[in-house]
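Trainee: Give the three-dimensional model of this entry:
(one chain, ligands or ions: 1)
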Amino acid sequence: MASGQLSRAEALACAGCRHACHVMLYCDTRTQLFGRIPIRHVVLMQMRFDGLLGFPGGLVNPSEETLEAGLSRELSEELGVALPISVEDHVDSCHAPSSSSSSRQLITHFYVKKMEEEQIREVEKAAASTATDHGQEVLGMVRVPLYAMQGGDGGLASFLSHSFIGNARSQLIDSLLSLNLVSSAELQKALANSLKIHENAAEDLRAATETLLKLTCSGNKQFDPQQHNPAHA
Ligand SMILES: O=c1[nH]cnc2c1ncn2[C@@H]1O[C@H](COP(=O)(O)OP(=O)(O)O)[C@@H](O)[C@H]1O
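Mentor: Got it, this is the predicted structure:
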C-alpha cells in the first residue's frame, strides 16, 4: 500500500478523524472531437465554489451513515440524481494533506464508477437543472479532455495545469493510469507539457498584473504606481 494510504477498515477505525468521499464517474465513448480526435472516455469532474477542480462528493459522518450512503447523499445534492455507490466502487482511502481550517485529521475516500454514456449525459443534465448545489457549491460539471492537441499543450496537459482541491489531481492521474484510460507514455508527456504551461501561466499573470496597474493609473490620476508595484520602485 502506498505511503499515506489506509485500508477502508483502518480508515474507519481512526477515532476523531473526519471523512470525505468523492467519486470519479466515467464511461467509454466513440465520439470524435471535430470528427477526427477520438475522445475515448468521458471522465466527470466539477468546478467547485472555490474555483478549484475536484470530484463530486463531500464530507460523511460514518457514525450516522455508511461511507457509501453518505457519498450517494452528497451526489444527490451535487448531481441531482440518486446514484447508488457500493463498497466494490471503493478504490482507496488516504490521509489528506493537513489544512489550517480544522485540527481534526481528514481522510479522503475515493471511488470510481463506470457508467453508460447515456447515464453520464443524464447526470450532466440533472447537475445543471435539478441539483440543489448547482450555481452555489458546484459551479458546473466538466469533462476531462484525455487527448493531446496543439503540439501536446492542448487537451490533457492544459487540464492538468489547472488548480485542484486536495489530492484530486493525483486521484485523477492514478485512476487514468490504473483503468488504462490513458497510457503512461501519454500521461508522462501531458505532465511534462503541463509543467511548461504552468511556467508560462506565471508570466501571463505577471503581465495581467502590470496591465491592471497601468489601467488603474490611467483611470486615476491620484494613483502612484511606485507605491503599488515594488517592481517599479
Ligand atoms: O475531489 C476531491 N478529492 C480529494 N479531496 C477532496 C476533493 N474534493 C474535496 N476534497 C477534500 O475534502 C474536503 C471536503 O470535501 P467537500 O468540500 O467536497 O465537502 P462538503 O461539500 O461536504 O463541504 C475538502 O475540504 C477537501 O479537503
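Trainee: Indicate the residue of the chain located nearest to the ligand.
Mentor: Going by Cβ to the nearest ligand atom, the ligand is nearest to residue 58 of the chain, at 2.9 Å. Using the backbone N, CA and C atoms, a C-beta is placed for each residue, glycine as well.
Trainee: Am I right that that residue falls within a helix?
Mentor: No: read with DSSP: H, G, I helix; E, B strand; the rest coil, residue 58 is strand and lies in no helix.
Trainee: Can you read off the pLDDT for it?
Mentor: Looking at residue 58, its pLDDT is 97.
Trainee: list the contacts for it?
Mentor: Applying Cβ atoms under 8 Å, 6 or more residues apart in numbering to residue 58 gives the contacts 20-22, 70-71, 74, 77-78.
Trainee: and if you look at residue 97?
Mentor: Listed by Cβ under 8 Å, 6+ apart, the contact set of residue 97 reads 166-167.
Trainee: ok so, going back, and the contacts of residue 58 near the ligand, which?
Mentor: Among the contacts of residue 58, the residues lying close to the ligand (Cβ under 6 Å from any ligand atom) are 20, 22.
Trainee: From the contacts of residue 58, which land in strands?
Mentor: Within the contacts of residue 58, residues falling in strands by DSSP state E are 20-22.
Trainee: Which single one of these is nearest to residue 33?
Mentor: Closest approach to residue 33 among these (Cβ to Cβ): residue 22, at 26.6 Å.
Trainee: residues touching the closest one, list them.
Mentor: Contacts here follow Cβ under 8 Å, 6+ apart; on that basis residue 22 touches 54-58, 71, 108-111, 168, 171.
Trainee: for the spatially most central residue of the chain, which residues make a bridge with it?
Mentor: Nearest to the geometric centre of the chain sits residue 54, at 2.5 Å (Cα atoms, centre = their mean). Counting by DSSP bridges, residue 54 forms beta bridges with residue 46.
Trainee: right, and it touches residue 48 too?
Mentor: Yes: between residue 54 and residue 48 there is a contact at 5.2 Å, judged by Cβ atoms under 8 Å.
Trainee: Please name every helix or strand in contact with the longest helix along the chain.
Mentor: Scanning the chain for the helix with the most residues, using DSSP state H, yields helix 184-219. In terms of contacts (3 or more Cβ pairs under 8 Å, 6 or more residues apart in numbering; DSSP states H and E), helix 184-219 is packed against strand 148-149, helix 156-160, helix 168-178, helix 225-228.
Trainee: Over to the closest residue to residue 50 other than its chain neighbours: give its phi and psi.
Mentor: Nearest-residue entry for residue 50: residue 165, 7.2 Å, with adjacent residues in sequence omitted and distances by Cβ to Cβ, 6 or more residues apart in numbering. Here is the backbone geometry of residue 165 (degrees, to the nearest 10): phi -80, psi 140.
Trainee: cool, and residue 166?
Mentor: With angles defined as degrees, to the nearest 10, residue 166 sits at phi 50, psi -130.
Trainee: burial count for it?
Mentor: Neighbour count of residue 166, defined by other Cβ atoms under 10 Å: 17.
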